[in-house]
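*Asks:* Model the following, please.
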Amino acid sequence: MAVARAKEAAGDKDVHIMGGADVIRQALEAGLVEELTIIVAPVVLGGGKRLFDGFSRSLELEHIGLRQSPHATFIDYRVKN
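*Replies:* Numbering: from 1, shown residues only. Okay, here's the model as predicted:
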């Protein structure tokens with residue numbers, strides 16, 4: 001798996017997973033995510049996909065921060081297990 005290889009290469013450093021809804025959903029379902037940043041930007045890029053649709057288990061998120069720039073809002077969460 002790509003994440004296992006990334007963890008091995010990173011050693012004691014953090015590994016970041018970036019991607020669209022499908023990649024993020026798979027990583028969350030696999031229990032690989034400790035923190036999640038959702039980026040909201042005022043740009044329409046087609047139909048899009050719902051990030052939290054189709055989960056087979058409950059997901060509890062703890063809000064840990066919010067950052068803003070002129071181009072986007074970044075909402076940070078800790079994934080609670």
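*Asks:* mind checking how far the spatially most central residue of the chain is from Arg50?
*Replies:* Per C-alpha atoms, centre = their mean, the C-alpha nearest to the average position across the chain is that of Leu36, at 4.1 Å. Distance, Leu36 to Arg50, using C-beta to C-beta, to the nearest Å: 15 Å. In this view, the C-beta of every residue, glycine as well, is placed from N, C-alpha and C.
*Asks:* And the strands in the chain, which stretches?
*Replies:* 35-40, 60-68, 73-80 (DSSP state E).
*Asks:* Let's have those in CSV, adding distance to Val3 and mean pLDDT.
*Replies:* Below are the strands of the chain laid out as CSV (distance: least, C-beta to C-beta, whole Å; pLDDT from 0 to 100):
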stretch, distance to Val3, mean pLDDT
strand 35-40, 15, 92
strand 60-68, 20, 96
strand 73-80, 15, 96
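*Asks:* Nearest to Arg5, out of these?
*Replies:* Closest to Arg5 of the strands of the chain, according to C-beta to C-beta: strand 35-40, at 20.6 Å.
*Asks:* Serialize the strands of the chain to a markdown table and add fields for distance to Asp14.
*Replies:* Shown next, in a markdown table, are these (distance: least, C-beta to C-beta, whole Å):
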| stretch | distance to Asp14 |
| --- | --- |
| strand 35-40 | 9 |
| strand 60-68 | 15 |
| strand 73-80 | 14 |
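*Asks:* mind checking which of these is nearest Glu8?
*Replies:* That would be strand 35-40 among those, by C-beta to C-beta, at 20.4 Å.
*Asks:* got the buried residues for the closest one?
*Replies:* Buried residues in strand 35-40, counted by 16 or more other C-beta atoms under 10 Å: Leu36.
*Asks:* what pairs with it, and is each one parallel or antiparallel?
*Replies:* The strands that strand 35-40 pairs with in its sheet are strand 73-80 (antiparallel) (by DSSP bridges).
*Asks:* now the partner strand and strand 60-68, what's the angle there?
*Replies:* 160 degrees (axes from the mean of the first three to the mean of the last three C-alpha atoms, to 10 degrees).
*Asks:* Pop out the phi and psi values for the residue lying closest to Leu28 once chain neighbours are set aside.
*Replies:* Of all residues not flanking Leu28 in the chain, Leu59 sits nearest, at 6.3 Å (C-beta to C-beta, 6 or more residues apart in numbering). In terms of degrees, to the nearest 10, the main-chain angles of Leu59 are phi -130, psi 120.
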